[in-house]
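Chemist: Need the 3D shape of this:
(one chain, ligands or ions: 1)
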Amino acid sequence: MSKLVLYGLDISPPVRACLLTLRALDVPFEYKIVDLLKGEHRTEEFLQKNPQHTVPLLDDDGTLIWDSHAICCYLVDKYGKSDDLYPKDLVKRAKLEQRLYFDASVLFMSLRNISVPYFYKKVTTVPQEKIDNIIDAYGHLENFLGDSPYLTGDTVTIADFCCGATASSLPAMVSIDPEKYPKITAWLARLGELPYYKEANAKGAEEYIALLKDVFTIV
Ligand SMILES: N[C@@H](CCC(=O)N[C@@H](CS)C(=O)NCC(=O)O)C(=O)O
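Modeler: Presented below is the predicted three-dimensional model:
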C-alpha cells in the first residue's frame, strides 16, 4: 500500500472531515501537524505542495490533493472496501455531492468568513449578515435531513463527515438550539455514536469552540 500523509491540525473542520473518512476506512496514514497559527502553511516547503496554502492536504505517495471534499472522495474511491461512504450509483452520488458542495460553498464558508478575520487580523466584531448566513445554513441543513437519519439517507457517508465536522464547530459562533433544529441535534448525536468520532472530530471541535467562544461581538 502507498504511503499516505495527511497535513493539518485538529481545530480545522475540513481536516477533521478527512480524519473521519480515514478512520472509517481504517486506512493507515501519517498525520503531520501544520500549525496555521504559527504560519506553517505559508512556508516555501508547504506552498510547493499546496500553493493555495490550505489544510487539509493529502500526499498519497507523491500525489497531492487538497480540499477536504476532493480528498474524502478520492480516499473512498481508492481505498474503500465498498462504495457505502461514497456511492457509485449516479443518482445517489449526485445527491451526496450536492451536500459536499453545500458544505464547501455555504456551510463552511459561513464559518470561515468569521474565523479567518479573527485568526489573522484579530477582528472580533461580526456583522449581523455573517451570523444570518450561519442561521440560513442551519435551516438548509435541517431541511436536507428531512426524515432521514443521515444527510443522504439511511447510512452514513462522507457528506455527513464534511457537513458534520463543520456543523459541530459552528456553535463557536451560533449555538444549535435543539428546539429550533431538532434534526441537526439528533444527527450530530447519531454521528457521535460512531466509534472513531470522538478522536477524529469531537475533540478538535471542542478545542475549536473553546478557542472562539465568547470572542465575538455582533454589530
Ligand atoms: N474548501 C477547503 C477549505 C480549507 C480551509 O479553508 N482550511 C483552512 C483551515 S480550516 C485553512 O487552511 N486556512 C489557511 C489559509 O486559507 O490560508 C477544504 O474543504 O479543504
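Chemist: burial count for G192?
Modeler: Residues lying near G192 (other Cβ atoms under 10 Å) number 13. The C-beta positions use only the backbone N, C-alpha and C, and glycine is treated the same way.
Chemist: tell me the phi and psi of it?
Modeler: Main-chain torsions, G192, degrees, to the nearest 10: phi -60, psi -20.
Chemist: Can you tell me the closest non-neighbouring residue to it?
Modeler: In this structure, G192 finds its nearest non-sequential neighbour in A202, 6.6 Å apart by Cβ to Cβ, 6 or more residues apart in numbering.
Chemist: And the one you found, how close does it get to C18?
Modeler: A202 sits at a distance of 15 Å from C18 (criterion: Cβ to Cβ, to the nearest Å).
Chemist: Do stretch 11-21 and the ligand come into contact?
Modeler: Yes - using Cβ under 6 Å from any ligand atom, stretch 11-21 comes into contact with the ligand via 12-14.
Chemist: sorry, back to before: the residue nearest to G192 contacts L191, doesn't it?
Modeler: No - under the criterion of Cβ atoms under 8 Å, A202 makes no contact with L191, lying 9.1 Å away.
Chemist: who's more crowded, those two?
Modeler: Each of A202 and L191 has its neighbours counted (other Cβ under 10 Å); L191 has more, 23 against 16.
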